[in-house]
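Trainee: Attaching a predicted model along with its sequence, questions to come.
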Amino acid sequence: MTERKDDRLWGGRFDRPPNEEFDAFQRSFAFDRRLLPYELAVDRAWARALQRAGILNEVEVRQTLGALDKIAERAKTDLAWLDSSAAEDVHHFVEKALVEFLGPLGWKLHTGRSRNELVATDFRLFVRDAATGTRSGVIVLIRAFLDQAKAHLKVPMAGMTHLQHAQPILLSHFLMAHAEAFARDLNRLHNAAASADVCPMGSGALAGCSFAIDREAIARELGFSRITANSLDAVSDRDFALDYLFALAGIATHLSRLAEDFVLFASQEFSYAILPDEYSTGSSLMPQKKNPDAWELLRGKTGRVTGALFSLFTTLKGLPSSYQRDLQEDKEALFSAHDQLASMVHVAAGAVSAMRFNEGKLAAASANPVLLATEATDYLVKKGVPFRQAHDLVGNLLREAERQAKPWTQLSLEDFRRISPAFDTDVANALQLAAALQSKNVPGGTSEDSVRAAISQLEQKLKSLENKP
Ligand code: ARG
């Protein structure tokens, strides 16, 4: 038989064509064409596997591989070919093209395999590359923080908890806090890539493959580290997509926190940061305005990325085992989250580099005496006062200062000693901003040395990642 009544992948048992509206509804080529390079790679590996299994002879394999190359070539240069295709999905597109180029030989390649495993394999390959690409973007972002931290190593600022002045920290420490969060995202991206790095080919529609297919060889050829262990699980599993979306949602959430910090810092009340023109916009009405739109959009777009994670979770919830057409919904959510996040990370890296800080304002805020209250408790503890009592005593000092309506660090030594005789003349030295910063000299602390060490450790980590991507 060299004729088929139509070129659908499944028309034989149907009397009537699909309802037009439903047909448009069920097609996925508009978005899964993005998987074409992966589909073609899988096709090449499958053609060779079929040869080893004795299904395709040498000539047929050569012709098939040649046609696959032609498809790849034409798809690159002739977008109209893809745009005008009536293919149902990317798998159908390739089969149609193979038949176009090869005639009935094009119908042989789908021997022993199913779109259910193909789509899972293509998608895994996409996610693996996507996670690696996102990682490079996040590394650029981290470098922007490292540069800013090095440029502002010694600038003090008022550290906050609950948005209330808490203890002094260095601006470089604040910047490195964000860098560390993004460094954890690198690990999550790495794990997501590893989770995608398993090859389903040979799983068939759900039951496996009855031809002598060398699954390990196919996996190797496609650069996968492992093969899936259960064919039914292999066509059902979208955990790798969830893992990647989770990693993306984590990055977006970190960007959103950063954005909120910078939006606050750029407000007139804080004035810690000066918005760069390049990453700000103005008002159509109010001439004075310079708004932190880059950061607001980064904060806002986070919703889409976390939304994609929940969208896929919701699709998967309640599905029975095996392939279900619901699974086709996985791709648009992930593609759009990936694209969105890629541009978010890129814009954020530029905006972080362009950010300028108002060191005078930061220093003025860091001079707020309340930031040193904890230093006074530490001072008393070192003089032998139990911590809780020291806490109470410093509280009493602060109350006394409020009563005298002056900054508590300007109370007289007599006032200090009336509250606790453990206070001595050396208390003045302990209650200095520089001393407070210097005293936080643990690894991970805000002393200048600790921050320097943190910077060099993170730089080392990035360097070692560059050596083994
Ligand atoms: N377009 C489908 C998807 O994205 C491919 C698999 C179709 N399989 C099927 N049995 N209808 O999931």
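Mentor: Thanks, I have it.
Trainee: State the distance from residue 230 to residue 208.
Mentor: Using CB to CB, to the nearest Å, residue 230 is found at 9 Å from residue 208. (C-beta placed from N, C-alpha, C; glycine too.)
Trainee: more crowded one of these two?
Mentor: residue 208 (16 against 13; other CB atoms under 10 Å).
Trainee: Quick one: neighbours of the closest residue to the more buried one other than its chain neighbours, just the number.
Mentor: Leaving aside its sequence neighbours, residue 208 sits nearest to residue 231 (CB to CB, 6 or more residues apart in numbering; 4.4 Å). By the measure other CB under 10 Å, the count of residues near residue 231 is 21.
Trainee: Same check on residue 286?
Mentor: 8.
Trainee: in a helix, that's where it is, yeah?
Mentor: No. Using DSSP: H, G, I helix; E, B strand; the rest coil, the assignment for residue 286 is coil, not a helix.
Trainee: Any stretches of the chain with poor pLDDT?
Mentor: For the chain, applying pLDDT under 70 flags the ranges 1-2, 468-469.
Trainee: Which positions in it make contact with the ligand?
Mentor: Within the chain, the positions adjacent to the ligand are 28, 32, 89, 115-116, 119, 323, 325, 327-328 by CB under 6 Å from any ligand atom.
Trainee: Could I get the residues you listed in TSV, plus columns for neighbour count?
Mentor: Formatted as TSV, the residues of the chain next to the ligand follow (neighbours: other CB atoms under 10 Å):
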residue	neighbour count
28	20
32	25
89	22
115	21
116	22
119	26
323	22
325	8
327	22
328	17
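Trainee: what's in contact with stretch 117-127?
Mentor: 32, 34-35, 38-39, 41-42, 89-91, 192-193, 196-205, 222, 224, 231, 234-235, 237, 240-241, 244, 327-328, 330-331, 334 (CB atoms under 8 Å, 6 or more residues apart in numbering).
Trainee: Can you name the residues that contact residue 50?
Mentor: Counting by CB under 8 Å, 6+ apart, residue 50 touches 56, 61, 108-109, 111-112, 211, 213.
Trainee: how about residue 274, phi and psi?
Mentor: Residue 274 has phi and psi values of phi -110, psi 120 when expressed as degrees, to the nearest 10.
Trainee: hmm, I was thinking of residue 205
Mentor: phi -70, psi -40.
Trainee: That one: how many residues sit nearby?
Mentor: Neighbours of residue 205 under the rule other CB under 10 Å: 16.
Trainee: can you check the one 4 residues further on too?
Mentor: Taking other CB under 10 Å as the criterion, the count of residues near residue 209 is 20.
Trainee: swap in residue 387?
Mentor: 11.
Trainee: And residue 81, by the same measure?
Mentor: Other residues close to residue 81 by other CB under 10 Å number 13.
Trainee: my guess is it contacts residue 72, does it?
Mentor: No. Counting by CB atoms under 8 Å, residue 81 does not reach residue 72; the two are 11.9 Å apart.
Trainee: From the contacts of residue 50, keep the buried residues only.
Mentor: 56, 61, 108-109, 111-112, 213 (16 or more other CB atoms under 10 Å).
Trainee: Between those residues, which sits nearest residue 420?
Mentor: residue 213 (81.0 Å; CB to CB).
Trainee: Buried residues, stretch 383-400. List them.
Mentor: For stretch 383-400, by 16+ other CB under 10 Å, it's 385, 390-391, 393-394, 397-398, 400.
Trainee: Same check on stretch 13-24?
Mentor: Within stretch 13-24, judged by 16+ other CB under 10 Å, no residue is buried.
Trainee: Likewise for stretch 404-412?
Mentor: Result for stretch 404-412 [16+ other CB under 10 Å]: buried residues 408-409, 411.
Trainee: circling back to that earlier point, okay, the residue nearest to residue 208 and residue 109: tell me how far apart.
Mentor: From residue 231 to residue 109 the distance is 20 Å (CB to CB).
Trainee: swap in residue 332?
Mentor: Relative to residue 109, and taking CB to CB, residue 332 is found at 27 Å.
Trainee: same thing with residue 147?
Mentor: Counting by CB to CB, the gap from residue 147 to residue 109 is 51 Å.
Trainee: Nearest to residue 20 among the buried ones among the contacts of residue 50?
Mentor: residue 109 (29.2 Å).
Trainee: Now for the closest one: which residues touch it?
Mentor: 43, 46-47, 50, 56, 64, 95, 98.
Trainee: for it, helix, strand, or coil?
Mentor: Classification of residue 109 by three-state DSSP places it in coil.
Trainee: okay if I get the buried ones among the contacts of residue 50 as a markdown table plus distance to residue 133?
Mentor: Below are the buried ones among the contacts of residue 50 laid out as a markdown table (distance: CB to CB, whole Å):
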| residue | distance to residue 133 |
| --- | --- |
| 56 | 34 |
| 61 | 32 |
| 108 | 35 |
| 109 | 29 |
| 111 | 34 |
| 112 | 32 |
| 213 | 31 |
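Trainee: which residues in the stretch 251-400 of the chain form helices?
Mentor: With DSSP state H, counting those that start in this stretch, the ranges of helices along the stretch 251-400 of the chain come out as 293-316, 330-354, 359-366, 373-382, 387-404.
Trainee: Ok, which of these comes nearest residue 287?
Mentor: Closest among the helices of the stretch 251-400 of the chain, using CB to CB: helix 293-316, at 16.6 Å.
Trainee: buried sites along the closest one?
Mentor: Buried, per 16+ other CB under 10 Å, within helix 293-316: 294-295, 297-299, 301-302, 304-309, 311-312, 315-316.
Trainee: got the angle for that helix vs helix 330-354?
Mentor: Orientation check (axes from the mean of the first three to the mean of the last three CA atoms, to 10 degrees): helix 293-316 against helix 330-354 gives 160 degrees.
Trainee: Packing partners of helix 293-316?
Mentor: With contacts taken as 3 or more CB pairs under 8 Å, 6 or more residues apart in numbering; DSSP states H and E, helix 293-316 sits against helix 239-265, helix 330-354.
Trainee: Many thanks, I have nothing further to ask.
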